[in-house]
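J.: Using only what follows, build the 3D model:
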Amino acid sequence: MTTVTKSMSSQRMTNFRWVMCALLFVATTVNYLDRQVLSLTWKDFISVDFGWSDSQYGTITGFFSIFYAVACLFSGKFIDKLGTRKGYLWAIFIWSVGACMHAACGWGALKWAGAESMAAARNSADMMLLVTTASVYMFIFCRAVLALGESGNFPAAIKVTAEYFPKKDRAFATSIFNAGASVGALAAPACIPPLAAATSWEMAFIIIGALGFIWMFFWFGLYRKPEESRFVNQAELEYIHQDDAAELAAAKAAEPVKEEKSIPFFKCFTFRQTWAFICGKFFTDGVWWFFLFWAPAYFSDQYGYRSDSAMAIKLIFVLYLIVTVVSIGGGYLPKLFVEKKGMEPYSGRMKAMLIFAFFPLLALFAQPLGKYSAWFPAIIIGLAGAGHQAWSANLYSTIGDMFPKSTIGTITGVGTTMGGLASFMINKGAGMLFTKSDAMGSAFTFMGFEGKEAGYMIVFCICAVAYLVGWTVMKLLVPKYKPIVVD
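T.: Residues are numbered from 1 along each chain as shown. So this is what the prediction gives:
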């Protein structure tokens, strides 16, 4: 080792990678805030104007999921080709525009129906039906734009994590930025319903949507690849590249790192590792999105708490507080297995995922205990959601374990597509189920529950077992660590 190299290796390491992680956290927080505006305003604000049914809301959220799924199929490749810096900028710009566009849906629906005002529309049943139908189509279009932009968030964030963190730290870093989903969902009930009540539901969409434009300024000024960043010194660069001898040698020699070969899109589907990630996403993503989109409506339907009431805000806040606090430990657990137990990263991750797969089983008790207090389902859903977030952080990190960095965005996009398809199925299906069970009343029964309560119990049962099924399929497909090497 030369004197120069010794000096560089012994210098105090910068920690700019955590600044990048913080930016990813903020972006993910904004991402989930933008998603939550609709779920927190539709039941008590938007539906009051347009008279939406559960089925119509399920259609809107379901189509958001399908648009998100299709967009994710291409967004990962888009991020890989355009580059993390530009790709992420485009993603958040598009979803912020889409978020703000929702505010114009009421005006657009009235224009479409030829009504001068909502009061005038309500005087005519035919015109009101036209306004309601038009509003559903308007919101579906805006959700499509939102989904197009938001589909780039996780492929870009996972790619940045792989660029800035060694394998042993990736699950922890992912759990931190992924906690932005929980923090966004945590902050949403405290600010969105009161904001909608103080101004209007339209202003809630505009104000929350504008946050993304502020984030773009910081990303544009701070992000560069580690090798190109003036904020990353040699010691931190060596730490980042500790898993890759070739990259480490290139960094020490102050030479540019050679670009890795990317796996052709369709060839990705020939690997068991791809299908393992796909199955992990398909069986579990819909559970999280169901909780995200339906929790406010659940407390409104089952307990009569409007989304802007103090009790509803407390319930949703506590729910996501549990998710946020507990889920951060999800990234630390495999790190503990690797460093303290000597396990290799993939085995440590799979062991951690099995542990977290048991958390959602608690959802089986949400309805039975909910008879005594709304706090029981709030706490139980919070723990189940925490299990999902911890599971998700480790699931995303398995991509970096097994695939070259040049293909991470693509694989993330493909898996997220399947997660979106599952979300479409559960959200659309739940909406139809709740409308039917509510209409049938006591004639619709399941496990001792009647009407809409029975409908919720059915969905909770599906959510409870989804993770154990997903883990089992993943383990069968990739029983041991097997990285993919591109020739």
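J.: Identify each of the strands in the stretch 301-450 of the chain and give its residue range.
T.: 445-446, 449-450 (DSSP state E, counting those that start in this stretch).
J.: Out of the ones you listed, flag the one nearest Ile381.
T.: Comparing these against Ile381 with C-beta to C-beta, the closest turns out to be strand 449-450 (16.6 Å). Using the backbone N, CA and C atoms, a C-beta is placed for each residue, glycine as well.
J.: who does the closest one pair up with?
T.: The partner list of strand 449-450 in its sheet, established with DSSP bridges, is strand 445-446 (antiparallel).
J.: got the contact list for stretch 436-450?
T.: The set of residues that contact stretch 436-450 without belonging to it, under C-beta atoms under 8 Å, 6 or more residues apart in numbering, is Asp54, Gln367, Gly451, Lys452, Ala454, Gly455, Tyr456, Met457, Ile458, Cys461.
J.: What residues of that stretch count as buried?
T.: Residues Ser437, Asp438, Phe444, Phe446, Phe449, Glu450 are the ones in stretch 436-450 that count as buried (16 or more other C-beta atoms under 10 Å).
J.: Stretch 314-334 now?
T.: Taking 16+ other C-beta under 10 Å as the basis for neighbour counts, the residues of stretch 314-334 that come out buried are 314-324, 326-334.
J.: Just the helices from the stretch 201-350 of the chain, written as ranges.
T.: Taking DSSP state H, counting those that start in this stretch to define them, one finds helices in the stretch 201-350 of the chain at 201-209, 211-222, 234-240, 245-252, 272-303, 310-341, 345-357.
J.: Now do the same contact list for the residue nearest to Thr410 when sequence neighbours are not counted.
T.: For Thr410, the nearest residue in space outside its immediate sequence neighbours is Gly76; the separation is 4.4 Å by C-beta to C-beta, 6 or more residues apart in numbering. For Gly76, the set of contacting residues under the criterion of C-beta under 8 Å, 6+ apart consists of Pro155, Ile408, Gly409, Thr410, Ile411, Thr412, Gly413, Val414, Thr416.
J.: burial count for the first one?
T.: Pro155 is surrounded by 32 other residues when neighbours are defined as other C-beta atoms under 10 Å.
J.: To which secondary structure element is it assigned?
T.: Following DSSP states H and E, the helix or strand that holds Pro155 is helix 153-164.
J.: Work out the gap between the helix or strand just after that helix and the centre of the chain.
T.: Elements were assigned by DSSP H and E; along the chain past helix 153-164, the next helix or strand is helix 167-198. Here helix 167-198 shows a centroid-to-chain-centroid distance of 10 Å under the convention C-alpha atoms, centre = their mean, to the nearest Å.
J.: and the angle from helix 167-198 to helix 310-341?
T.: Helix 167-198 and helix 310-341 meet at an angle of 180 degrees, taking axes from the mean of the first three to the mean of the last three C-alpha atoms, to 10 degrees as the criterion.
J.: In terms of secondary structure, what does helix 167-198 contact?
T.: Packed against helix 167-198, as judged by 3 or more C-beta pairs under 8 Å, 6 or more residues apart in numbering; DSSP states H and E, are the following elements: helix 16-41, helix 153-164, helix 201-209, helix 310-341, helix 345-357, helix 375-402.
J.: Mind telling me which of the ones you listed the model trusts least?
T.: Between these, the one with the least mean pLDDT is helix 310-341; it has a mean of 80.
J.: what's the offset of that one from the middle of its chain?
T.: Averaging C-alpha positions (C-alpha atoms, centre = their mean) puts helix 310-341 15 Å from its chain's average.
J.: Check stretch 165-181 too.
T.: Relative to its parent chain, stretch 165-181 has a centroid offset of 14 Å by C-alpha atoms, centre = their mean.
J.: Correct me if wrong: Val287 contacts Cys463.
T.: Yes. Between Val287 and Cys463 there is a contact under C-beta atoms under 8 Å: 4.4 Å.
J.: Identify the contacts common to those two.
T.: With contacts taken as C-beta under 8 Å, 6+ apart, the residues that reach both Val287 and Cys463 are Pro360, Ala384.
J.: So for the two, which sits in the more crowded spot?
T.: More neighbours sit around Val287 than around the other of Val287 and Cys463, counting by other C-beta under 10 Å; the figures are 29 against 26.
J.: Provide a list of residues in contact with that one.
T.: Contacts of Val287 were listed using C-beta under 8 Å, 6+ apart, and they are Pro360, Ala384, His388, Ile426, Ile462, Cys463, Ala466, Tyr467.
J.: How many residues are close by the closest residue to the last one other than its chain neighbours?
T.: Looking back up the chat, that one is Tyr467. Closest residue to Tyr467 apart from its sequence neighbours, by C-beta to C-beta, 6+ apart: Ala357 at 3.7 Å. Number of residues near Ala357 (other C-beta under 10 Å) recorded here: 23.
J.: Could you check how far Ala357 is from Trp471?
T.: Using C-beta to C-beta, to the nearest Å, one obtains 5 Å as the distance from Ala357 to Trp471.
J.: before we move on, what about Ala121?
T.: Spatial separation of Ala121 from Trp471 under the definition C-beta to C-beta is 50 Å.
J.: What of Phe67?
T.: The value you get for Phe67 to Trp471, if C-beta to C-beta is used, is 28 Å.
J.: now Phe293
T.: Taking C-beta to C-beta as the measure, Phe293 falls 24 Å from Trp471.
J.: need the contact list for Ala312.
T.: Residues in contact with Ala312 (C-beta under 8 Å, 6+ apart) are Pro189, Pro193, Pro296, Phe299, Ser300, Tyr305, Arg306.
J.: and Phe293 and Trp471? which has more neighbours close in?
T.: Neighbours per residue, other C-beta under 10 Å: of Phe293 and Trp471, the larger number sits with Phe293, 26 against 23.
J.: May I ask which helix or strand encompasses the residue nearest to Thr410?
T.: With elements delineated by DSSP H and E, Gly76 resides in helix 54-82, which encompasses its position.
J.: got the angle for the helix or strand following that helix vs helix 201-209?
T.: Scanning forward in sequence from helix 54-82, with DSSP H and E defining helices and strands, the next element found is helix 84-101. Angle of helix 84-101 versus helix 201-209, following the same axes, to 10 degrees, is 170 degrees.
J.: Beyond helix 84-101, next helix or strand please.
T.: With elements assigned by DSSP H and E, the helix or strand that comes after helix 84-101 is helix 105-113.
J.: Which elements pack onto that following helix?
T.: For helix 105-113, the helices and strands in contact under the criterion 3+ C-beta pairs under 8 Å, 6+ apart are helix 47-50, helix 118-122, helix 125-150.
J.: Export those helices as JSON lines, with columns for mean pLDDT, mean neighbour count and distance to Gly83.
T.: Compiled in JSON lines, the helices and strands packed on helix 105-113 are given as follows (pLDDT from 0 to 100; neighbours: other C-beta atoms under 10 Å; distance: least, C-beta to C-beta, whole Å):
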{"stretch": "helix 47-50", "mean pLDDT": "88", "mean neighbour count": "18", "distance to Gly83": "42"}
{"stretch": "helix 118-122", "mean pLDDT": "78", "mean neighbour count": "15", "distance to Gly83": "46"}
{"stretch": "helix 125-150", "mean pLDDT": "91", "mean neighbour count": "20", "distance to Gly83": "17"}
